[in-house]
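1. predicted coordinates and the sequence they were generated for:
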Amino acid sequence: MKQHEFEAQHEALWQRIDAALEKPSQGDNSKFLAEQYLHLCQQLAIAKERMYDGALLARLNKLALELYRELYRYRSETRLNFYAFYKRDFPLAIYRHRFYILLAFLVMVLPGLVAGAWTYLDEDSIYSVVDGSQVRQVERMYDPQADKLGRERESETDILMFGFYIKNNISVAFRCFAGGLLLGIGTLLVLFFNGMFMGSIAGHLTRLDYVDTFYPFVAGHGSFELTAIVFSGAAGLRLGYAILNPGQSSRLDSLRQAGRDVVPMLYGIVLMLVIAAFLEAFWSSNGTLPIAVKYAVAAVLWGLVLLYSFSGRRHGSR
Amino acid sequence: MLDTRYRVEIPGGIHLEAQVVGPIPRAFAYAIDLIIRGIIIVALWFASIPLGLSGMGGGVFLIFLFVIEWLYPVLFEVFARGQTPGKKMFGISVINDDLSPVTLGTSLVRNLLRTVDFLPLFYLVGLVAMLSNRRFQRLGDMAAGTLVISVREAARPAAMEEVQPLAPSTPLSRADQTSIINFLQRSPQLSRPRQQELAAILEGVTHEKGDNGIEYLHRIGAWFLGVR
């Protein structure tokens, strides 16, 4: 069949498909498009086989590509199923990242403990880790005289701090994850310095005997926040390791696979940090409640987070 | 050779082709998005003043700042056919490397890893990565398995002048027929001397010289196309 004949035969259909793609969700359009998908594929294949000219092939190719994109717009993975995520996907992702989580945990906690012991024992050592103005700021925040804990100024309200924690903490977690692309080094550095920073602040405040203000404040939201930071580190290390040791696949394929695997971790991290920010802004900052209540709630929160984190084992077969 | 075509076999049983897009249009699209983001942030800042910057307004502003900083491209790529406003302006779109629409997961990975592509400044890492592979993928694209392709309308062939079709005296293979059709259709973009040059190559077959050769090729080209 000559090209012009072929074009004349199908022109009306192509124009209808084109028009339906403009408004795919209107009326019967989606049904029509689904029905025409294989016809269009066949026409493109015929046009290629008969070596019709480039302009026609390009036109059919573009039409087929757009139709294909439209058909695959609604796949299961694009529809977020919160229940399946909460019950299965996230715990399973945690389980599969367990060695990376352990490594991230150690890289953050060990330097933190060392720095904490050091600043506890030596008065001036805090200044070699944390900048002087920041030390004074933290001291003011946890001063037992203050009536709002964890705030530098009295004017800072809960909702402002909620926004601040969202922006700040999730950004840190995202950067920690992204650093994994630098062979994992970026992630290790973020974890190491955050561990050092938190450890030395804790040691220093303990030395000043701000124990009853600092620990009840951080204990509660720390459950979600610290765990999420460790998770983001684990996701980053997963990327780095995929590049360093691709195993049987190419480095590119290995990295791409890692990029798919970490997605549930990313969703989980964001969710956990939103909860942490909420707790930190509205619960931790409340200085009027008895310390025992704060510790009890913190214990419950830590228990929940840990139980949940280990719940993926029953889904994991490897 | 620099070939920006990217081919993938889809479940329809055929190969689809897409044109991957290099750093220049992507940089322009990014610049447009940067300006739009800046405008949104300034507008939000003024909108949140009445709510109190040290209270409700400030908190809401910081949350939006976070969303615009990290999730602006994600939201547009997922909900607006792989296109941020800047990408739309330049006719480019983000797509999974199997040419299916970008999903929330892949978009999130490619955009969070932007931080690394930006290093040490002005996307130097991303630029080097893009120029070192045939698909123009920056590091974030590699990890997410995404591509940036052109979605511009393909150029239609220029309208042909009236040509009387003529059956060739000898049968020709499909490939030869396609070459002659392409010669006919590209002629409006070629200078007269260049057309003569090309037609002269076939002088041994057509036995026509100069403009007559061109006309002869056009006529059998029209015949192959099925012009009546």
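-> Yep, that arrived. Since this is a predicted model, take the numbers as computed values, not measurements.
2. going forward, measure contacts and count neighbours with C-alpha atoms only.
-> Noted.
3. so what's B:V78 up against?
-> Contacts for B:V78 (C-alpha atoms under 8 Å, 6 or more residues apart in numbering or on different chains) come out as B:V102, B:T103, B:L104, B:S107.
4. next, the buried residues of the helix or strand harbouring it.
-> Using DSSP states H and E, B:V78 maps to helix B:72-79. Residues B:Y72, B:P73, B:V74, B:L75, B:F76, B:E77, B:V78 are the ones in helix B:72-79 that count as buried (16 or more other C-alpha atoms under 10 Å in any protein chain shown).
5. interface residues of the stretch 201-318 of chain A facing chain B?
-> A:L252, A:L255, A:R256, A:Q257, A:A258, A:G259, A:R260, A:V263 (C-alpha under 8 Å from any C-alpha of the partner chain).
6. next, format those residues as JSON lines and append neighbour count and secondary structure.
-> Shown next, in JSON lines, are those (neighbours: other C-alpha atoms under 10 Å in any protein chain shown; DSSP: H, G, I helix; E, B strand; the rest coil):
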{"residue": "A:L252", "neighbour count": "16", "secondary structure": "helix"}
{"residue": "A:L255", "neighbour count": "27", "secondary structure": "helix"}
{"residue": "A:R256", "neighbour count": "22", "secondary structure": "helix"}
{"residue": "A:Q257", "neighbour count": "19", "secondary structure": "helix"}
{"residue": "A:A258", "neighbour count": "23", "secondary structure": "helix"}
{"residue": "A:G259", "neighbour count": "26", "secondary structure": "helix"}
{"residue": "A:R260", "neighbour count": "15", "secondary structure": "helix"}
{"residue": "A:V263", "neighbour count": "22", "secondary structure": "helix"}
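7. nearest to A:Y100 among these?
-> A:A258 (12.3 Å; C-alpha to C-alpha).
8. and the residue nearest to the spatial centre of chain A, what does it touch?
-> In chain A, the centroid-proximal residue (C-alpha atoms, centre = their mean) is A:L266; its distance is 2.4 Å. Neighbouring residues of A:L266 by C-alpha under 8 Å, 6+ apart: A:S232, A:A235.
9. secondary structure element holding it?
-> Using DSSP H and E, A:L266 falls in helix A:263-279.
10. in that helix, what's buried?
-> A:263-266, A:268-270, A:272-279.
11. same question, stretch A:19-36
-> By neighbour count with 16+ other C-alpha under 10 Å, stretch A:19-36 contains the buried residues A:A20, A:L21, A:P24, A:N29, A:S30, A:L33, A:Q36.
12. make CSV out of the residues you listed and add distance to chain B, pLDDT and secondary structure.
-> Formatted as CSV, those follow (distance: C-alpha to the nearest C-alpha, whole Å; pLDDT from 0 to 100; DSSP: H, G, I helix; E, B strand; the rest coil):
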residue, distance to chain B, pLDDT, secondary structure
A:A20, 16, 83, helix
A:L21, 12, 83, helix
A:P24, 12, 78, coil
A:N29, 18, 82, helix
A:S30, 16, 81, helix
A:L33, 13, 84, helix
A:Q36, 11, 86, helix
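13. biggest separation within those, which pair?
-> Counting by C-alpha to C-alpha, the most remote pair of the buried residues of stretch A:19-36 is A:P24 and A:Q36, 12.9 Å apart.
14. return the distance of stretch B:64-74 from the chain's centre.
-> Chain-centre distance of stretch B:64-74: 25 Å, with C-alpha atoms, centre = their mean, to the nearest Å.
15. what residue ranges in chain B score low on pLDDT?
-> For chain B, applying pLDDT under 70 flags the ranges B:1-2, B:154-161, B:228.
16. which residues of it fall in helices?
-> Here chain B has its helices, by DSSP state H, at B:23-48, B:56-66, B:72-79, B:85-89, B:104-112, B:114-118, B:124-131, B:139-144, B:174-186, B:192-201, B:203-206, B:210-225.
17. for A:F231, find the nearest of those helices.
-> helix B:104-112 (15.1 Å).
18. between the two ends of stretch B:151-162, what distance do you get?
-> This stretch, stretch B:151-162, spans 32 Å end to end (C-alpha to C-alpha, to the nearest Å).
19. please parse chain B into its domains.
-> Annotated domains of chain B cover B:5-150, B:174-225 [automatic domain parsing].
20. now distance to A:P246 too, for the ones you listed, in JSON lines please.
-> Shown next, in JSON lines, are the domains of chain B (distance: least, C-alpha to C-alpha, whole Å):
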{"stretch": "domain B:5-150", "distance to A:P246": "13"}
{"stretch": "domain B:174-225", "distance to A:P246": "43"}
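21. please identify the most buried of those.
-> Each of these was scored by mean neighbour count; the highest is domain B:5-150, a mean of 19, by mean count of other C-alpha atoms under 10 Å in any protein chain shown.
22. show me the residue at the heart of chain B, geometrically.
-> Geometric centre of chain B, nearest residue: B:S150, 1.6 Å, by C-alpha atoms, centre = their mean.
23. what about the helices in the stretch 1-150 of chain A?
-> When assigned using DSSP state H, counting those that start in this stretch, the helices of the stretch 1-150 of chain A occupy the ranges A:3-22, A:29-49, A:54-71, A:82-84, A:90-96, A:98-121, A:126-129, A:132-141.
24. tell me the most buried of those helices?
-> helix A:90-96 (a mean of 23).
25. so for the helix holding A:L266, mean pLDDT?
-> Across helix A:263-279, pLDDT averages out at 94.
26. hey, what's the angle from it to helix B:104-112? Just curious.
-> Here the directions of helix A:263-279 and helix B:104-112 differ by 70 degrees (axes from the mean of the first three to the mean of the last three C-alpha atoms, to 10 degrees).
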